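**Q** model this:
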Amino acid sequence: MRTPCDEVVMRSTAAGVPAAAEAKTWILAATILGSSMAFIDGTLVNVALPAIQASFHATVVDVQWVVESYGLFLGALILVGGSLGDLFGRRLIFVVGVVAFAVASLACGIAANIHQLIIARIIQGVGAALLVPGSLAIISTSFDETSRGHAIGTWSGFTAITTAVGPVLGGWLVEHASWRWAFFINLPIAAVVMAISLWQIPDCRTPTTARIDWVGAVFATLGLGGLVNGFLESVSLGWSNSLVFGSVIVGFGCLIAFVFVEANVTSPMVPPALFGSRRFSGANLLTLFLYAAIGIFFFLFPMNLIQVQGYSASTTGAALLPLILLMFLLSRWSGGLVARYGPRGPLIIGPLIAGLGFVLFAMPSVGDSYWKTFFPAVVVLGFGMAVTVAPLTTVVMNSVSQERVGAASGINNAVARVAGVLAIAVLGMVMVNAFASHLNHSLAGFSLPPAIQQELRADVTKLAGLPVPAGVNPSTKAAIHESIAKAFVFGFQIVVLICAGLSLASAAVAWLMIPPDRERPGPATGHLSEEYQGDSFDCPLRGNSGTPASADAPSPETAR
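**A** Numbering: from 1, shown residues only. Model (predicted):
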């Protein structure tokens, strides 16, 4: 699912030299395809995870790393990627990102084992951290004020469509070809993007003396990586293991060091002064909770449908289409709620509705009909997220002064990505422990030889992909399969109820930390919430003077 504030990042980028009229269509095509390649990769790969697990006989920790390695480097480096474009040229960094993403996609597709796949996914994450902010910046600098709103609306609409198509296409490829084609499909898209970029996109950069915050980027990556590694590996190694304990200690230490580094460097990737705004801190805490719930849900739900409910990969890809379509179709309406009532009310009600959706996902057991069980939950969750996203973007814009909108929106975007990474690590551990507990209780009722019981317990990290050992009679084998399915559903129900709790926490944050007023603090006090209408970009953002926002665009230091 797309993160909030993508469009705000484009709005807040410093204006460049508009492209020629005949080049604008090509520029939009390249940036839409490039962004979509990264946006759909997450949802497409999630649908392919059960097939990847079966192909490599992998544990859930292994497939968690397939997702986490990509999200970790994308979330930690996306702010640096934008600054690199300002410094070395936006087209250059965009093309480098596309090339890295394509080469990594090829490596993913030909990976001979799960470890090669994880390494290739790391490179994919680095490539995405370069191409995503590059595509947003290219649009902003290539279109003048009269055409930029239409360009952003076009980009938003097409990337929403490709994000919706991604899971369906991925499921079809997994079902009728191979999970490897979920990665190979990026190669022709990347070739088209590179050709258009080198042919039609002019290169530009922002003259600046600012430095890239490499020290901050290293500490952020090591900090998040240490925490993720510790939580993931604790499932199989235990908390007493020196690698697990050491990883968590190093992770926390690096994140603490990151805070000190950002407070003392001249061009921090995360300016600490922004968090002096209670509204901005509240918006990011809300984002952390809500997108953590979304992240773990999108990781586990395809496994539930494919490995437990018996859905095909393509049907699984289509199962979440109502959610994505609701968010796309209701974005303008949600923006209207902000203009009429302010963002605080929708930010309380939206997460509450999303929480109800998660509760509904906890109701179905094994073998229930999609239309009677999962479909209502998908619709409710999609409606809750549709109510939430546009107001969340508005709060981020209004929480800081005009010249810091770029930095604020970039940070919120990164927080949404990091939230999913942390949730998959932490709540994935909860899922495995709940699964193992329920399965062990069920196995106690079978008269199984100790060796077979031990083999089953040793492989609980495979979750619903757990194979039944040979030498078991057919009736007992069927009963064990049923126990495995029920154990997965039990763990899934616990996790989605925790997701509901995270949604309630998001609503509580909005209640306590988001004021009801709609004013922007600081020198620029324009009523931005009245002009932002979800995906409607006909009106440029304006400050007090009534001039377009680009007239006082943020400096390169704060734009990222």
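
**Q** ok, which stretches of the stretch 51-200 of the chain are helices?
**A** Taking DSSP state H, counting those that start in this stretch as the test, the helices found in the stretch 51-200 of the chain are 60-88, 90-109, 114-142, 145-176, 181-184, 186-200.

**Q** mind giving me the packing neighbours of the fifth one?
**A** What that stands for is helix 181-184. If you count contacts as 3 or more C-beta pairs under 8 Å, 6 or more residues apart in numbering; DSSP states H and E, helix 181-184 packs onto helix 21-56, helix 90-109, helix 145-176. C-beta coordinates here come from the backbone N, C-alpha and C atoms, glycine included.

**Q** count the residues that sit near V250.
**A** 17 (other C-beta atoms under 10 Å).

**Q** sorry, slip of the keys, the one I care about is Q453.
**A** Q453: 15 neighbours (other C-beta under 10 Å).

**Q** C-terminal to the helix or strand containing it, what's the next element?
**A** For Q453, the host element (DSSP states H and E) is helix 450-458. Next helix or strand after helix 450-458 toward the C-terminus (DSSP H and E): helix 474-513.

**Q** quick one: that following helix to helix 450-458, angle?
**A** With axes from the mean of the first three to the mean of the last three C-alpha atoms, to 10 degrees as the basis, helix 474-513 and helix 450-458 are set at 20 degrees to each other.

**Q** flag every buried residue along helix 474-513.
**A** Neighbour-count burial for helix 474-513 flags 479-480, 483-496, 498-500, 502-510, 513 (criterion: 16 or more other C-beta atoms under 10 Å).

**Q** enumerate every residue touching L274.
**A** F280, V400, R404, A407, A408, I411 (C-beta atoms under 8 Å, 6 or more residues apart in numbering).

**Q** swap that for V489, please
**A** Contacts of V489 (C-beta under 8 Å, 6+ apart): N304, V308, P364, S365, V366.

**Q** can you lay out the helices and strands packed on helix 181-184 as a markdown table showing mean pLDDT and distance to P272?
**A** Formatted as a markdown table, the helices and strands packed on helix 181-184 follow (pLDDT from 0 to 100; distance: least, C-beta to C-beta, whole Å):
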| stretch | mean pLDDT | distance to P272 |
| --- | --- | --- |
| helix 21-56 | 84 | 28 |
| helix 90-109 | 93 | 26 |
| helix 145-176 | 78 | 30 |
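
**Q** where does pLDDT dip in the stretch 101-250 of the chain?
**A** Along the stretch 101-250 of the chain, the parts satisfying pLDDT under 70 run over 149, 204-210.

**Q** before we move on, the earlier item: ok, which of the helices and strands packed on helix 181-184 comes nearest G471?
**A** With respect to G471, and counting by C-beta to C-beta, the nearest of the helices and strands packed on helix 181-184 is helix 21-56 at 21.3 Å.

**Q** starting at the chain centroid, how far to the closest one?
**A** Averaging C-alpha positions (C-alpha atoms, centre = their mean, to the nearest Å) puts helix 21-56 13 Å from its chain's average.

**Q** from the contact counts, what lies against that helix?
**A** With contacts defined as 3+ C-beta pairs under 8 Å, 6+ apart, helix 21-56 has these neighbours: helix 60-88, helix 90-109, helix 114-142, helix 145-176, helix 181-184, helix 186-200, helix 278-303, helix 313-319.

**Q** in TSV: these, plus distance to V430 and mean neighbour count.
**A** Shown next, in TSV, are these (distance: least, C-beta to C-beta, whole Å; neighbours: other C-beta atoms under 10 Å):
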stretch	distance to V430	mean neighbour count
helix 60-88	12	25
helix 90-109	28	23
helix 114-142	22	25
helix 145-176	25	20
helix 181-184	27	23
helix 186-200	32	18
helix 278-303	9	24
helix 313-319	23	22
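
**Q** which stretch among these comes nearest Q453?
**A** The nearest among these, by C-beta to C-beta, is helix 60-88 at 20.1 Å.

**Q** okay, the angle between that closest one and helix 90-109?
**A** Counting by the same axes, to 10 degrees, helix 60-88 points 160 degrees away from the direction of helix 90-109.

**Q** remind me what helix 60-88 packs against, helices and strands.
**A** helix 21-56, helix 90-109, helix 114-142, helix 214-237, helix 278-303, helix 405-443, helix 556-559.

**Q** could you export the ones you listed as CSV, including distance to T159?
**A** As requested, the helices and strands packed on helix 60-88 are exported to CSV (distance: least, C-beta to C-beta, whole Å):
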stretch, distance to T159
helix 21-56, 5
helix 90-109, 15
helix 114-142, 9
helix 214-237, 26
helix 278-303, 17
helix 405-443, 14
helix 556-559, 21
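
**Q** how about those, which one is nearest F184?
**A** Comparison of the helices and strands packed on helix 60-88 against F184 by C-beta to C-beta identifies helix 90-109 as nearest, at 4.6 Å.

**Q** tell me the contacts of the residue nearest to G428 when sequence neighbours are not counted?
**A** Spatially, and ignoring its direct neighbours in sequence, G428 is nearest to Q64 (5.2 Å; C-beta to C-beta, 6 or more residues apart in numbering). Taking C-beta under 8 Å, 6+ apart, we find Q64 in contact with L232, F299, I424, A425, G428.

**Q** next one: Q64 from F375, what distance?
**A** In this structure, Q64 and F375 are 27 Å apart, going by C-beta to C-beta, to the nearest Å.

**Q** repeat that for P449.
**A** Where F375 is concerned, P449 sits at a distance of 43 Å (C-beta to C-beta).

**Q** who has more neighbours out of these two?
**A** F375 (14 against 11).

**Q** helix or strand for the more buried one, which one?
**A** Secondary structure from DSSP H and E places F375 in helix 374-398.
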